[in-house]
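S.K.: 3D model of this:
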Amino acid sequence: MLRKILPHPFLTLTLIVVWQMLVNKLTFGNLVLGTILGLVIPIITSPYWPNRPRLSSLPRIVEFVLVVLWDICVANVQVAMIILFKANANTKPAWITIPLELRTPEAITVLAGTITMTPGTVSSDLSADGRSLLVHCLDAPDPDAVRDDIKARYERRLKEIFE
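M.R.: Presented below is the predicted three-dimensional model:
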């Protein structure tokens with residue numbers, strides 16, 4: 001019974017929080033509307049999620065979110081410094097292929113989204129077999145270091161969360 005009402009509890013909670021952030025005003029009406037959306041949208045979309053991803057633990061998820069938020073802040077400063085103080089001739093943009101150990105589509109999607117949300121990098125393509133991700137970097141003097149950093153900071157944590 002509870003599974004029918006809350007087929008995806010994390011999605012419900014996320015939708016409520018995102019709705020509150022979008023309206024930017026905490027009122028009873030906004031909270032009720034956000035809760036209604038948070039309950040209805042997962043029920044409507046649950047047939048499209050037959051194999052719901054299993055998430056390991058809340059502390060690991062919180063750790064991942066904090067690491068990503070920190071990296072976004074640091075990358076904003078780094079990109080600003082590149083744009084303001086580095087000559088175009090001195091930048092070294094690069095396409096980097098990141099071999100993936102992740103196998104679940106949800107984990108790969110979160111990794112690609114995380115890379116794209118971080119200023120200076122964009123996920124561009126996933127190989128047909130799903131075993132590598134193509135990423136463009138604004139400035140990558142050492143592409144191997146960028147690849148290793150993405151694998152260590154994001155992919156390792158996502159593997160612990162999703163698999």
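S.K.: rest of the way, CA atoms for contacts and neighbours
M.R.: Noted.
S.K.: and the gap between Asn24 and Leu31?
M.R.: 11 Å (Cα to Cα, to the nearest Å).
S.K.: neighbour count: the two, which is higher?
M.R.: Under the criterion of other Cα atoms under 10 Å, the comparison of Asn24 against Leu31 puts Leu31 first, with 17 against 10.
S.K.: mind listing what that one touches?
M.R.: If you count contacts by Cα atoms under 8 Å, 6 or more residues apart in numbering, Leu31 has them with 16, 20.
S.K.: host element of it?
M.R.: Take DSSP states H and E as the rule and Leu31 turns out to sit in helix 28-45.
S.K.: so which bits of that helix are buried?
M.R.: The neighbour-count check on helix 28-45 (16 or more other Cα atoms under 10 Å) flags 30-31, 34-35, 37-39, 42-43 as buried.
S.K.: for those residues, which one is nearest Asp129?
M.R.: Ranked by distance to Asp129 (Cα to Cα), the buried residues of helix 28-45 are led by Pro42 at 29.1 Å.
S.K.: returning to what we had before: right, and the helix or strand after the helix holding Leu31?
M.R.: helix 58-85.
S.K.: other SSEs contacting that following helix?
M.R.: Applying 3 or more Cα pairs under 8 Å, 6 or more residues apart in numbering; DSSP states H and E, one finds that helix 58-85 contacts helix 156-162.
S.K.: what is the rounded mean pLDDT of the helix it packs on?
M.R.: Helix 156-162 shows a mean pLDDT of 91.
S.K.: just stretch 5-14 next, same as before
M.R.: In the prediction, stretch 5-14 has an average pLDDT of 83.
S.K.: got the contact list for it?
M.R.: 35, 38-39, 41-43, 46, 52.
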